[in-house]
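>>> what's the 3D shape of this:
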Amino acid sequence: MVSTLWFKCNERDMFFKLRSEEPSNKSKLRKSMVWATTCSGSSYTKTKEILAFCDIPFMPSTTFTSDEREMDIVLEDAKDASLDKAVEEEKAAYLEEIRSNGAVVNDEQPIKLEVSLDASWGSRSYGTRFTSASGAGVIVGEKTKKILFVACRNKRCSICTREQRKGKTEGKTSPKSHKCYRNYSGASGGMEPDIMIEGCVKLFKNSVWLTKITTDGDSTTVSRIKNHVKYGPTIEHQLCCNHVLKNCGKKLRELKCPKDVKEIVSNNIGRITLGIRSAIKHCAEKTKGADVQNLYKDIRNAPFHVFGQHQNCRNYFYSKRSTVVKQPMRNIEDSSITNRTMVDGQLNDEELKQIDEVCHVEQLIKSGVWSKIQAIVNAVAAKAESLKYNKTSNM
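Purely as a prediction, here's the structure:
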């Protein structure tokens, strides 16, 4: 990418040399082109073709590969430095919170952090089922929302595969010397636990314990972490509320309902998930996750509340920011019931009677849908212990 231009002065018969890049930059332009090609998802061949149309000469492929290797080392060092800095910031935020509460910090004790973790690998569900041979995972701090650890797993190496094919045809037994990126063998579903165990071990060396972990529902990962780290029994597993409610709503929408109740159910699915979310938020904010028993009851009661049966509803079911109750029930002519200001947050017996007149529970029971709705909601209620803090893994 560096060009040297010679200019001749006809009057004085002198030559002048100009370069497209200063020698002191040490091929900065060339390496910038390699970096831009890699980050844009392009390749050496594509970049060479684009520059050829502009009549600009491009570097040889060997130079391009050599610069890629150099940048790989630089990026790896930069990544490690960034992760170490993020860990120190997370520890500082945790210690600041402890000191602000008046507690004494023991420097000899490990720092106990709350984190969210997740991993991903590509898959194809249509046609022939396919699972990607590569995956990545991250651990994110709860206080700073910064990445504390990141790693990749690869089941294949393109150079090894190519050399193995050549070996079969040309009789070679070993591949040429190269940096092999294959670092995992096994099912793709095992990549996430493997990455997270590595992250926990690395953080443990920095005197960091992960005592509260939020995931999207993969209990296998947390159970393997508990078995592989020294402080495993102290780890508390919390589920991502967004994922749990998303799956709940998906299952409710997939229900096959008779025509006479199909509209009633479909119009209230959002209210069911919203009611569950409100119960979780109430437990997290008002009781700091201590009232799990009532959270379990409130989640199970959500369908009853939505479809008009309020005998087991607690006071906060009717309280809103303006403390006004708005029940979108049909066939209620008295608006003073549906839009009245609550004094004590509880409907009286007379009002409950009038609301019960439009209760859809009996209709749903007769149609056979009610038991299916309860089964889906009860499955969420069974996870109340892991939902009590209203944690999410979405940053």
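>>> Verify the stated contact: K281 with T392.
No. Contact criterion CB atoms under 8 Å: K281 and T392 do not qualify, at 11.5 Å. (C-beta placed from N, C-alpha, C; glycine too.)
>>> the more surrounded of these two?
Legend: neighbour count by other CB atoms under 10 Å for K281 and T392, higher for T392 (16 against 13).
>>> Mind listing the strands the longest strand along the chain pairs with, and their directions?
Ranked by residue count, the top strand of the chain under DSSP state E comes out as strand 111-124. Here strand 111-124 is paired, per DSSP bridges, with strand 130-141 (antiparallel), strand 208-215 (parallel).
>>> Tabulate those strands (a markdown table), appending mean neighbour count and mean pLDDT.
Below are those laid out as a markdown table (neighbours: other CB atoms under 10 Å; pLDDT from 0 to 100):
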| stretch | mean neighbour count | mean pLDDT |
| --- | --- | --- |
| strand 130-141 | 19 | 88 |
| strand 208-215 | 22 | 90 |
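>>> Out of these, which gets nearest to D80?
strand 130-141 (14.5 Å; CB to CB).
>>> Quick check: which of the strands paired with strand 111-124 is nearest to H310?
Across these, closest to H310 is strand 208-215 (CB to CB), at 32.8 Å.
>>> Could you identify the helix or strand that succeeds the closest one?
helix 219-228 (DSSP states H and E).
>>> avg pLDDT for that following helix?
Helix 219-228 shows a mean pLDDT of 86.
>>> Residues touching it, excluding its own?
Outside helix 219-228, the residues that touch it by CB atoms under 8 Å, 6 or more residues apart in numbering are 117, 119, 189, 192-193, 196-197, 200-201, 210, 213, 215, 232-233, 235, 237.
>>> G308 is in contact with V358, isn't it?
Yes. Judged on CB under 8 Å, G308 makes contact with V358 at a distance of 5.5 Å.
>>> Please identify which of those two sits among more neighbours.
The neighbour comparison of G308 against V358 (other CB under 10 Å) goes to G308, with 19 against 13.
>>> Low-confidence bits of the stretch 251-395 of the chain, can you list those?
318-357, 395 (pLDDT under 70).
>>> mind redoing it with 90?
257, 260, 289, 308-362, 391-395 (pLDDT under 90).
>>> Same question for the stretch 51-200 of the chain.
Using pLDDT under 90, the stretch 51-200 of the chain drops low at 51, 54-75, 94-112, 118-135, 156-192.
>>> coming back round to it: by neighbours, which of the contacts of helix 219-228 wins?
Once you tally neighbours by other CB under 10 Å, M196 ends up highest among these, having 29 neighbours.
>>> Now render the strands paired with strand 111-124 as TSV, adding distance to E49.
Output for the strands paired with strand 111-124, formatted as TSV (distance: least, CB to CB, whole Å):
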stretch	distance to E49
strand 130-141	27
strand 208-215	45
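>>> which residues of the stretch 151-300 of the chain fall in helices?
158-170, 191-205, 219-228, 241-253, 259-266, 269-286, 292-306 (DSSP state H, counting those that start in this stretch).
>>> Make TSV out of these and add distance to G368.
Compiled in TSV, the helices of the stretch 151-300 of the chain are given as follows (distance: least, CB to CB, whole Å):
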stretch	distance to G368
helix 158-170	54
helix 191-205	39
helix 219-228	32
helix 241-253	15
helix 259-266	9
helix 269-286	17
helix 292-306	15
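>>> out of those helices, which comes closest to G137?
Taking CB to CB as the measure, these were each checked against G137, and helix 191-205 came out nearest at 3.6 Å.
>>> Contacts for that closest one next, please.
In contact with helix 191-205 (CB under 8 Å, 6+ apart) are residues 87, 110, 113, 117-119, 121, 135-137, 139, 148-149, 151-153, 184, 186, 209-210, 218, 220-221, 224-225, 228-231.
>>> Please give the element, helix or strand, for L51.
Using DSSP H and E, L51 sits within helix 44-53.
>>> buried set for that helix?
Neighbour counts over helix 44-53 (16 or more other CB atoms under 10 Å) mark Y44, T47, K48 as buried.
>>> Only C-alpha atoms, please: export it in CSV.
Provided in CSV are the C-alpha atoms of helix 44-53 (Å, rounded to 0.1, in the frame of the first residue of the first chain):
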residue,chain,number,x,y,z
TYR,A,44,-7.9,-10.4,0.8
THR,A,45,-9.3,-11.3,-2.6
LYS,A,46,-12.3,-9.0,-2.4
THR,A,47,-10.2,-6.0,-1.3
LYS,A,48,-7.7,-6.7,-4.0
GLU,A,49,-10.4,-6.7,-6.7
ILE,A,50,-11.9,-3.4,-5.4
LEU,A,51,-8.5,-1.7,-5.5
ALA,A,52,-7.8,-3.1,-8.9
PHE,A,53,-10.8,-1.2,-10.3
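>>> what's downstream of it, the next helix or strand?
From helix 44-53, the next helix or strand downstream (DSSP H and E) is helix 61-100.
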